[in-house]
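K.L.:
Build me a model:
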Amino acid sequence: MAPMLLEIITAERQVYSDEVDAVVAPGIEGQLGILPHHAPLMTVLQPGELLIRKGGEEAYLAVTGGFMEVLGNKVTVLADAAERSDEIDERRAQEAIEQAQERIRNRGSDEQLEEALRSLRRAQVRVGIARRRRRPGGPPGVGQPPPGSPQ
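P.N.:
Okay, the predicted model is just below:
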């Protein structure tokens, strides 16, 4: 199968740019699997794991939301924030879970509850990706920068 170009961009940097075989992204309505020559698409992303498949290997990134466009044979992700698995500090992510859980217990308003729940979800995604990276026998390429990503 001919690869497609994937670009992941945040306000601060280009996180990833390379040809890939498949992308699985956390769409607002659920997981979206994108293969080369996918129909045009524009969607909102929710916080979650973004999976990149290239050459039989898989790599994971944590995204905190944003937008994804599929046009031609190119996928562009404009992420609020994105981190490769090797960039995630698991200890800090676990602390963020604990802080969010405390904010949920001591919420004052509905808005505070919603923000605490969003923070909890982001931190849980980051911990999950960090743990997958260090799990023996995990998917190949996990814990390595995705192929083609800037160092």
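
K.L.:
Please enumerate the strands of the protein.
P.N.:
4-9, 14-20, 22-27, 30-34, 41-45, 48-54, 57-63, 66-71, 74-79, 82-84 (DSSP state E).

K.L.:
And residue 68, how far from residue 103?
P.N.:
Taking Cβ to Cβ, to the nearest Å as the measure, residue 68 falls 29 Å from residue 103. All C-beta atoms are positioned from the backbone trio N, CA, C, and that covers glycine.

K.L.:
which of these two has more neighbours?
P.N.:
Just comparing residue 68 and residue 103: by other Cβ atoms under 10 Å the higher neighbour count belongs to residue 68, 24 against 17.

K.L.:
For that one, which non-adjacent residue is spatially closest?
P.N.:
Nearest non-adjacent residue to residue 68, counting by Cβ to Cβ, 6 or more residues apart in numbering: residue 77, 5.0 Å away.

K.L.:
who's that neighbour bridged to?
P.N.:
residue 8, residue 68 (DSSP bridges).

K.L.:
Contact partners for it?
P.N.:
By Cβ atoms under 8 Å, 6 or more residues apart in numbering, the contact set of residue 77 is 6-9, 25, 45, 50, 63, 66-68.

K.L.:
what's around residue 127, how many residues?
P.N.:
By the criterion of other Cβ under 10 Å, residue 127 has 19 neighbours.
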